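S.K.: make a model of this:
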Amino acid sequence: MSKSHALKRPGRVAYDVGVITVFWEKKIELHAKHLQSEATRTCSSALDRLRGEWARMLEGRNKAPQGPPEVTFPTQDSTTA
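M.R.: Predicted coordinates for the structure are as follows:
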């Protein structure tokens, strides 16, 4: 921006393009570092391992019989059901 344009609008702040570029490059770099640290944190977390263990335990519980098997004894009387 030219100085004459900045003087016409004193409420506006004019920056050099290089300053803005450096600012956004730093922002992007910090964001990338944050994403990388978050990915490292989630990989080292035990949450996935615990979820897998719980899923296997629940699957085994669902496959297991829910109660003792019913035993039926043959009766001689055909009228009883």
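
S.K.: how about the contacts made by residue 19?
M.R.: For residue 19, no residue meets the contact criterion (C-beta atoms under 8 Å, 6 or more residues apart in numbering). Any C-beta I mention is one placed from the backbone N, CA and C, and that applies to glycine too.

S.K.: phi, psi for it please.
M.R.: Backbone torsions of residue 19, given as degrees, to the nearest 10, read phi -70, psi -40.

S.K.: that one and residue 8, how far apart?
M.R.: Distance, residue 19 to residue 8, using C-beta to C-beta, to the nearest Å: 21 Å.

S.K.: cool, residue 62 as well?
M.R.: Here the criterion is C-beta to C-beta. By it, residue 62 lies 75 Å from residue 8.

S.K.: do the same with residue 53
M.R.: Using C-beta to C-beta, residue 53 is found at 68 Å from residue 8.

S.K.: next: residue 25.
M.R.: Taking C-beta to C-beta, one finds residue 25 at 30 Å from residue 8.

S.K.: what's the burial count for residue 21?
M.R.: Burial of residue 21 is recorded as 11 neighbouring residues (other C-beta atoms under 10 Å).

S.K.: quickly find the element holding it.
M.R.: When elements are defined using DSSP states H and E, residue 21 is found to belong to helix 17-44.
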